[in-house]
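Asker: make a model of this:
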Amino acid sequence: MKTYWGDIHSHCAASYGYGTPKRALENAKSHLDFCSITGHAFWPDMPMDLKTQNNVLIMHFGGFQKLQYFWKELMTELKAANKPGKFITLPSYEWHSMKYGDYNVYYNMNDAPLIDAPTLPELIKATSKYKAILLPHHCSYLSGFRGTRWKDFDSAVSPLVEIFSNHGCGESDDAYYDYYHTMGPRVKETSVREGLLQGHKFGFYASTDTHDGYPGHYGHGRIGVICDKLDRQNLWNAIQKRRTLASTGARFEVSAHLNGGFIGESVRTEKEMELKIDLTGTAPLELVELVEGFGKNCKLHRLPMPTLSTEFSSGKYKIKIECGWGRKNIVHNWDIDIKIKNGKLLDATQYCRFSSYEMEEEKATEKLSISKNTLNWKCRTKQNPAGLLGGTHFGAGGTQNLVIELDTSAKTELELKCGNSTIKTSIKKLVNGSCGKAVAGFCSPSLKIHRAVPEKEYSFNYETKFVPSGEKGFIYIRAKQTDGQMLWTSPIWRE
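Answerer: Here you go, the predicted model:
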């Protein structure tokens, strides 16, 4: 099986947001395997106080009306973009609720219907004839203020729960990336881990919840689906089986087994259980934790990590190339040529962010071309926003990133050319640290080649005899890289 990465919760101007459906899909195809363009559709218990909620009412009623008008066009665009083996789309719309929390409704079909209902149980019943799944998101807001109401959660139709998005991480009180949206704080009562401890069985996903028409905005959340091949039915089956990963943006590869049980599965509890974890990231792994839940309690087991070293030895390395920065309101178009000498290019992956475009533009501005050991990378950037992961709902911005994997020797060299700017360096120098260059003086857009990371630092292999707590429970893996990118695996349950 292979891990495919996508974004199943993103918005565009078909409801409220920016960018046409066609452009949003072009953006997604430049760096994702699948996506959904979600329309804001219904809010049956919207607060109706004109004095305090006027802007909320204008935005949402306008967005809902737009979606009714553009829904058929959105379905047409999603159908046209769905190409098995290349790129997959899933139709979806968003149902807001103060009482139950927000849910997205997903379909395994083309020409899907928009269906409203006054309550969550009624919505589940109304969409059941289409075998829809309903996935909650930004779960950890205050109860009664669009946080998830776990007493009404139904895992039969909700196999996954969103653990991270540009709202923040809703995992738990101890999780990184707290909520700082206008909707309020993150609290324990509605948190994802609380739902698990109450006995609900669900996997994890992350999504951007972008409103820029840029699915997969790097740092705002992505879902990894582990399945045999890239088509809608295989993705759908894997989602229902909870074979999923949640990431802030990096494409992790993970295999985790407990007594032979894989991610999303259940196994029988024994006094001693075989635990095996194989994990590959894109930067040095700073932390890998085994999160264990049992009864109403939770333990965080911090697993032993390898030593980081700046000593060079031949082998596999990952190197992040980053471009952007510059003064406010500067939009820069990049055309970067990259050459690898005396080494072998094994892989190259774009990690893209929304970078401003006109509504009339139909083609994605991020494009990577590869020919043996030579790459050409075209992309667009605007100034960095405040915040580690690159902005929030609208006009997010930030740098663009390219991660290359090389098989190296002591003679391996790297050369970057962009206009009149050139950076030449060696793998031996990059093991010791990064380098960079401003393209036009102080506060101008700049290039950076990050430190070369040896395979032993971006990979993690662990086996142990695990002694579980309690008769029943669950485990999942949480990992963090030195660049702030994070991973969560869906749980494995003990029964």
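
Asker: could you point out the helix or strand that follows the helix ranked longest in the chain?
Answerer: The longest helix of the chain (DSSP state H) is helix 50-81. With elements assigned by DSSP states H and E, the helix or strand that comes after helix 50-81 is strand 88-89.

Asker: quick check: mean pLDDT of that following strand?
Answerer: The average pLDDT within strand 88-89 is 98.

Asker: same thing with stretch 1-21?
Answerer: Mean per-residue pLDDT for stretch 1-21: 95.

Asker: run a quick neighbour tally on the nearest residue to Pro21 once chain neighbours are set aside.
Answerer: Excluding the flanking residues, the one nearest Pro21 by Cβ to Cβ, 6 or more residues apart in numbering is Glu77, at 4.3 Å. Glycine gets a C-beta too; all of them are placed from N, C-alpha and C. Close neighbours of Glu77, defined as other Cβ atoms under 10 Å, add up to 21.

Asker: what does the one 3 residues further on give?
Answerer: The tally of other residues near Ala80 (other Cβ under 10 Å) stands at 13.

Asker: and it, how far from Gly39?
Answerer: Distance check for Ala80 against Gly39: by Cβ to Cβ, to the nearest Å, it reads 17 Å.

Asker: which strand residues bridge Ala206?
Answerer: Here Ala206 sits in beta bridges with Phe164, going by DSSP bridges.

Asker: helices of the protein, start to end?
Answerer: Secondary structure of the chain, counting by DSSP H: helices at 21-29, 50-81, 120-127, 192-197, 232-240, 427-432, 455-458.

Asker: Cys298 is nearest to which of those?
Answerer: Set against Cys298 and scored by Cβ to Cβ, the helices of the chain come closest in helix 192-197, at 6.5 Å.

Asker: one step back: so who does the residue nearest to Pro21 touch?
Answerer: 21-22, 25, 37 (Cβ atoms under 8 Å, 6 or more residues apart in numbering).

Asker: so which of those residues is the most crowded?
Answerer: Of all the contacts of Glu77, the highest neighbour tally under other Cβ under 10 Å goes to Ile37, namely 32 neighbours.

Asker: what pLDDT is listed against that residue?
Answerer: 97.

Asker: pretty sure it sits against Ser10.
Answerer: Yes. Here Ile37 lies in contact with Ser10, judged by Cβ atoms under 8 Å, at a distance of 6.1 Å.

Asker: joint contacts of these two?
Answerer: Taking Cβ under 8 Å, 6+ apart as the criterion, Ile37 and Ser10 both touch 24, 215.

Asker: before we move on, the earlier item: next, give me the two most distant ones among the contacts of Glu77.
Answerer: Maximum pairwise distance in these, criterion Cβ to Cβ, is 9.9 Å, between Lys22 and Ile37.

Asker: show me the strands in the stretch 351-495 of the chain, by range?
Answerer: Remark: strands assigned in the stretch 351-495 of the chain by DSSP state E, counting those that start in this stretch are 367-371, 374-381, 400-408, 413-418, 421-426, 435-438, 446-449, 453-454, 459-466, 473-481, 486-489, 492-494.

Asker: next, count neighbours for Asn373.
Answerer: 14.

Asker: how close does it sit to Ser314?
Answerer: Separation of Asn373 from Ser314 (Cβ to Cβ): 17 Å.

Asker: same question for Ile115.
Answerer: 59 Å.

Asker: of the two, which one has the most company?
Answerer: Using other Cβ under 10 Å, the more surrounded residue of Ile115 and Ser314 is Ile115, with 17 against 14.

Asker: isn't the more buried one right next to Ala126, touching?
Answerer: Yes. Between Ile115 and Ala126 there is a contact under Cβ under 8 Å: 5.0 Å.

Asker: contact partners for Met305?
Answerer: Residues in contact with Met305 (Cβ under 8 Å, 6+ apart) are 285-288, 460.

Asker: one more time with 7 Å, if that's ok
Answerer: Counting by Cβ atoms under 7 Å, 6 or more residues apart in numbering, Met305 makes contact with 285, 288.

Asker: low-confidence regions, the stretch 351-495 of the chain specifically.
Answerer: Scanning the stretch 351-495 of the chain for pLDDT under 70 picks out 385-396.

Asker: out of the strands of the stretch 351-495 of the chain, nearest to Leu90?
Answerer: strand 486-489 (20.8 Å).

Asker: dump that closest one to CSV, restricted to CA.
Answerer: Output of strand 486-489 as CSV, limited to C-alpha atoms (Å, rounded to 0.1, in the frame of the first residue of the first chain):
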residue,chain,number,x,y,z
MET,A,486,3.8,17.4,12.8
LEU,A,487,2.2,14.0,12.3
TRP,A,488,-0.6,12.0,13.9
THR,A,489,-1.5,8.5,13.0
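
Asker: and for it, what are the contacting residues?
Answerer: For strand 486-489, contacts defined as Cβ under 7 Å, 6+ apart pick out 163, 176, 204, 245-248, 252, 254, 256, 263, 476-480.

Asker: determine which two of the residues you listed are furthest apart.
Answerer: The span of these, defined through Cβ to Cβ, is set by Tyr176 and Ile263 at 21.0 Å.

Asker: more neighbours: which of those two?
Answerer: The residue with more neighbours, out of Tyr176 and Ile263, is Ile263; 24 against 15, by other Cβ under 10 Å.

Asker: which residues does the more buried one contact?
Answerer: Applying Cβ under 7 Å, 6+ apart to Ile263 gives the contacts 226, 243, 256, 489-490, 492.

Asker: with Gly85 instead?
Answerer: Contact analysis of Gly85 by Cβ under 7 Å, 6+ apart lists 230-231.

Asker: and what of Gly170?
Answerer: Residues in contact with Gly170 (Cβ under 7 Å, 6+ apart) are 138-140, 162-163, 186, 191-192.

Asker: cutoff 8 Å now
Answerer: Gly170 touches 138-140, 162-164, 179, 186, 190-192, counting by Cβ under 8 Å, 6+ apart.

Asker: do the same with His138
Answerer: By Cβ under 8 Å, 6+ apart, the contact set of His138 is 101-102, 146, 162, 165, 167-168, 170, 179, 181, 183, 209.

Asker: ok, 7 Å please
Answerer: 102, 162, 165, 167, 170.

Asker: neighbours of the closest residue to Tyr214 other than its chain neighbours, how many?
Answerer: In space, and not counting its chain neighbours, Tyr214 is closest to Phe354: 3.6 Å by Cβ to Cβ, 6+ apart. Applying other Cβ under 10 Å, we find 28 residues neighbouring Phe354.

Asker: just checking, Phe354 touches Asp212?
Answerer: Yes. Counting by Cβ atoms under 7 Å, Asp212 is a contact partner of Phe354 at 4.1 Å.

Asker: who are the contact partners of the residue nearest to Gly249 when sequence neighbours are not counted?
Answerer: Closest residue to Gly249 apart from its sequence neighbours, by Cβ to Cβ, 6+ apart: Tyr218 at 4.3 Å. By Cβ under 7 Å, 6+ apart, Tyr218 lies in contact with 249, 351-353, 390, 401.

Asker: JSON lines please, covering these and showing distance to Gly295 and neighbour count.
Answerer: Shown next, in JSON lines, are the contacts of Tyr218 (distance: Cβ to Cβ, whole Å; neighbours: other Cβ atoms under 10 Å):
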{"residue": "Gly249", "distance to Gly295": "34", "neighbour count": "28"}
{"residue": "Tyr351", "distance to Gly295": "39", "neighbour count": "23"}
{"residue": "Cys352", "distance to Gly295": "43", "neighbour count": "27"}
{"residue": "Arg353", "distance to Gly295": "42", "neighbour count": "32"}
{"residue": "Gly390", "distance to Gly295": "39", "neighbour count": "21"}
{"residue": "Asn401", "distance to Gly295": "42", "neighbour count": "24"}
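
Asker: sounds good, over and out.
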